[in-house]
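Visitor: take a look and give me a structure for this.
(2 chains)
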Amino acid sequence: MRPKLPIQCPGCDNPLSVSQLSCSVCSTQVSGSYSLPMLLQLSEDEQNFIIQFLLSSGSLKEMAAQMGNSYPTVRNKLDDLIQKVQTLKEKYQS
Amino acid sequence: MMNFILNPFETTSEQKQWLVGLLTLILGATLGYVFNARFDGLIDLHFTEKVYYTEPLFDLLIACAMTSVLLFGLGKFINPKTRFVDVVFPSLWAKMPYVLTTFFNINQASYKSGNQIMEAFQKGSHFEPSTATLALLLIEGAVMLLALMISVIWLFNGFKVATNSKGLRNNIYFILVLMLAEIASKYLISAIN
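Guide: Residues are numbered from 1 along each chain as shown, chains lettered A, B, ... in the order given. Just a heads-up that it's a prediction; the model follows:
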């Protein structure tokens, strides 16, 4: 099982940031304080939705058929995701 | 499974939703004609002495059209991306539970019991039904209540899916529009007849 990347603090629900990166070949470690890129701040389901959106060339009808959902359900998910990304973008820029 | 029963609009494809919608109209007109039922309002079902085939069909068409137009207006206000077709589906589907309950009027059973109650009420006497009539009335009442609940749940969930509506304020608007649709469709159907 591939472990999920945690994006929220389990203690206080605030977004987590990267404090250490390491090379799996030579074990070099880099420490610092880096915020997660905007797309990584989305949940795994939301990231999968975006990938699906790209792979179906942005066709919501095709996505609906692939996901077994109705067209408005997929459009609502996209609208909610757009709103979330806009909020993140505002936070990211400020 | 329960989620699908309560909210079929989330997962059902457009073609299947059209199919069920058209089936509701055809079945509604046919069963309405066979069992002398009128669907004279958004959440109405009445049994009469005799109906023509076109009467239940027009009842359904008027009620669905009125509900769709009013819900579409509210949908556009809540979310400008709302499509008309997405509010037509729940308006059509919401009639299916009523259509299926017309079977209670086999041999005019429900109509006759209703008349007996009315006669007893007008004469000021007690209505003393047979055990079979009482059992039928109780079952019919329970099933009708269930049909009403399913119908309203489908309208509500279908509207939510169509418009991505959220929050208490939008739910209150929805209830008000539903009441308006009931009054308007009832008025229009009675004005045409």
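
Visitor: burial of A:Gly68, as a residue count?
Guide: Other residues near A:Gly68 number 11, with proximity taken as other CB atoms under 10 Å in any protein chain shown. For the C-beta atoms, the positions are set from N, CA and C on the backbone; glycine is no exception.

Visitor: that one touches B:Thr12, doesn't it?
Guide: No - contact criterion CB atoms under 8 Å: A:Gly68 and B:Thr12 do not qualify, at 9.6 Å.

Visitor: next, give phi and psi for B:Lys166.
Guide: phi -140, psi 150 (degrees, to the nearest 10).

Visitor: that one and A:Asn76: what is the separation?
Guide: 10 Å (CB to CB, to the nearest Å).

Visitor: residues of chain A that sit close to chain B?
Guide: With CB under 8 Å from any CB of the partner chain as the criterion, chain A meets chain B at residues A:Ala64, A:Ala65, A:Gly68, A:Asn69, A:Ser70, A:Tyr71, A:Pro72, A:Thr73, A:Arg75, A:Asn76, A:Asp79, A:Asp80.

Visitor: so which of the residues you listed are in helices?
Guide: A:Ala64, A:Ala65, A:Tyr71, A:Pro72, A:Thr73, A:Arg75, A:Asn76, A:Asp79, A:Asp80 (DSSP state H).

Visitor: skip the chain neighbours and tell me the closest residue to the residue in chain A positioned nearest to chain B.
Guide: Nearest residue of chain A to chain B: A:Asn76, at 4.1 Å (CB to the nearest CB). Computed as CB to CB, 6 or more residues apart in numbering or on different chains, the closest residue to A:Asn76 that is not its neighbour in sequence is B:Asn164, at 4.1 Å.

Visitor: ramachandran angles for the closest residue to B:Trp18 other than its chain neighbours?
Guide: Nearest non-adjacent residue to B:Trp18, counting by CB to CB, 6+ apart: B:Phe89, 7.8 Å away. Per-residue torsions, B:Phe89: phi -60, psi -60 (degrees, to the nearest 10).
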